[in-house]
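Visitor: pasting a predicted model and its sequence here:
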Amino acid sequence: MQPSNRILVSGGAGFIGSHLCDLLIAGGHEVLCIDNYFTGRRRNIEHLLSKPRFEVMRHDVTFPLYVEVDDIYNLACPASPIHYQYDPVQTLKTSVHGAINMLGLAKRTRARIFQASTSEVYGDPSVHPQPESYWGHVNPIGVRACYDEGKRAAETLFFDYHRQHKVRIKVARIFNTYGPRMHPNDGRVVSNFIVQALSNNDITLFGDGNQTRSFCYVSDLLDGVQRLMNAPEDFIGPVNIGNPRESTIRELAEMILRLTGSKSKLIFLPLPSDDPRQRQPDIRLARAKLDWEPKVTVEDGLKETIAYFRRLLAE
Ligand code: NAD
Ligand code: UDP
Ligand code: UDP
């Protein structure tokens, strides 16, 4: 990536997108952040507003956008189950129409385009850990389908624009990522448990808490994303980016209680439908092609995230 590239970040006011904008501005690029603020927030990017190379535009990716850019990072999409299920039709439109519009833009401008895909393309996996070659186990009509199938269709569009129109694509399958700037009401497990622990409210475990996830700190994720963009052009993915350290949701709750020193109680609520039982990335491809693996331990990443939420809740 050459300095002073004009880079579009869709979903740039969100959790991951705002950290990506920070990195790109620090790297000397011009950044155009577009966001409809459905789950993102101005405060995530307000520190960038005074930078001359940073520009922000309220825009919904389901509508066309004509701008001149060199690179596109397509991150626009609600990522938390409660938010993507709030308006499932809009979620599917965001993934599918959003991908078509961003790919059409990439085709016209000959920009490179990155897609934030997800481990959800594997659904409730019957292969463990999940390699990129696994085609997944997804319920096409369930409550999570608007997100899972939307992201799967977006991958299809990326690969068809690549084959048919020679668009230069890069696709990463992101596994559960956490860190500062997650929305306090985001609904995902790390932010929920930390906010509950810091407020001395009950910790809400869904199901028996024995389902597993593998949590990656946001700086590790973005290191992987940048390595993917800087890798030779013929390495297009899809490539898993995530932390292979797997834990049960109950273990996560206990670690957060220990790190916050909270006296909150664990309570058990019904498991949402189609909630995957297990999830762990197989990162052999990222290791081999990108020389990438996560560096931040879950304990250190959680400490940073807890410190962020402590400051936020004190405001
Ligand atoms: P987030 O909800 O904080 O960010 C998503 C951003 O997209 C928000 O700023 C939101 O306002 C914006 N957005 C939503 N719909 C839009 C639309 N139609 N037009 C324009 N903007 C829109 O979530 P995040 O965790 O930062 O996720 C960013 C991307 O990474 C998403 O595409 C998500 O699917 C993907 N991803 C995230 C994770 C994770 O664990 N965080 C895992 C896998 C994939
Ligand atoms: N598009 C856009 N910006 C551009 C070029 C295209 O938003 O600079 C959108 C436009 O809505 C179009 C879609 O991307 O419908 C797909 O573009 P493509 O060229 O593949 O399709 P076509 O224009 O032929 O329908
Ligand atoms: N979860 C939970 N309590 C919460 C929020 C989530 O036990 O308050 C569980 C959820 O059922 C799932 C796991 O934590 O098994 C991860 O949920 P999240 O929504 O963060 O991500 P995803 O299910 O998309 O991986």
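Guide: Ah, there it is. Residues are numbered from 1 along each chain as shown. Ligands and ions are numbered 1, 2, ... in the order given.

Visitor: burial count for the residue of the stretch 101-250 of the chain found nearest ligand 2?
Guide: In the stretch 101-250 of the chain, the residue that lies nearest ligand 2 is residue 104 (2.0 Å; Cβ to the nearest ligand atom). For the C-beta atoms, the positions are set from N, CA and C on the backbone; glycine is no exception. Neighbourhood size, residue 104 [other Cβ atoms under 10 Å]: 16.

Visitor: list the contacts for the nearest residue to residue 194 once chain neighbours are set aside?
Guide: Excluding the flanking residues, the one nearest residue 194 by Cβ to Cβ, 6 or more residues apart in numbering is residue 309, at 4.9 Å. Taking Cβ atoms under 8 Å, 6 or more residues apart in numbering, we find residue 309 in contact with 184, 191, 194, 195, 198.

Visitor: swap in residue 9?
Guide: By Cβ under 8 Å, 6+ apart, the contact list for residue 9 reads 17, 20, 21, 24, 31, 32, 33, 34, 73, 75.

Visitor: now do the SS call for residue 9.
Guide: Using DSSP: H, G, I helix; E, B strand; the rest coil, the structure places residue 9 in strand.

Visitor: what about it, distance to residue 225?
Guide: Distance of residue 9 to residue 225, given as Cβ to Cβ, to the nearest Å: 11 Å.

Visitor: thought the residue of the stretch 101-250 of the chain closest to ligand 2 was touching residue 66?
Guide: No: using Cβ atoms under 8 Å as the test, residue 104 is too far from residue 66 to be in contact (9.6 Å).

Visitor: pull the CA atoms of the helix or strand harbouring the residue nearest to residue 194 into CSV?
Guide: Element membership of residue 309 [criterion: DSSP states H and E] is helix 298-314. Output of helix 298-314 as CSV, limited to C-alpha atoms (Å, rounded to 0.1, in the frame of the first residue of the first chain):
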residue,chain,number,x,y,z
VAL,A,298,-7.0,-12.8,26.4
GLU,A,299,-6.2,-11.6,29.9
ASP,A,300,-4.2,-8.6,28.6
GLY,A,301,-6.9,-7.8,26.0
LEU,A,302,-9.7,-8.0,28.6
LYS,A,303,-7.7,-5.7,30.9
GLU,A,304,-7.6,-3.0,28.2
THR,A,305,-11.2,-3.5,27.4
ILE,A,306,-12.2,-3.3,31.1
ALA,A,307,-10.2,-0.1,31.5
TYR,A,308,-12.1,1.4,28.5
PHE,A,309,-15.5,0.5,29.9
ARG,A,310,-14.5,1.8,33.4
ARG,A,311,-13.8,5.2,31.9
LEU,A,312,-17.0,5.1,29.8
LEU,A,313,-19.2,4.2,32.7
ALA,A,314,-17.6,6.9,34.9
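
Visitor: chain center to that helix: distance?
Guide: Its chain's C-alpha centre and that of helix 298-314 lie 19 Å apart, by Cα atoms, centre = their mean, to the nearest Å.

Visitor: in it, what counts as buried?
Guide: Neighbour counts over helix 298-314 (16 or more other Cβ atoms under 10 Å) mark 298, 301, 302, 305, 306, 308, 309, 312 as buried.

Visitor: likewise stretch 220-236?
Guide: Residues 220, 221, 222, 223, 224, 225, 226, 227, 228, 231, 236 are the ones in stretch 220-236 that count as buried (16+ other Cβ under 10 Å).

Visitor: will you turn the contacts of residue 309 into a markdown table that also has distance to ligand 3, pLDDT and neighbour count?
Guide: Converted to a markdown table, these look like this (distance: Cβ to the nearest ligand atom, whole Å; pLDDT from 0 to 100; neighbours: other Cβ atoms under 10 Å):
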| residue | distance to ligand 3 | pLDDT | neighbour count |
| --- | --- | --- | --- |
| 184 | 13 | 94 | 15 |
| 191 | 8 | 98 | 22 |
| 194 | 11 | 98 | 26 |
| 195 | 10 | 98 | 19 |
| 198 | 14 | 98 | 20 |
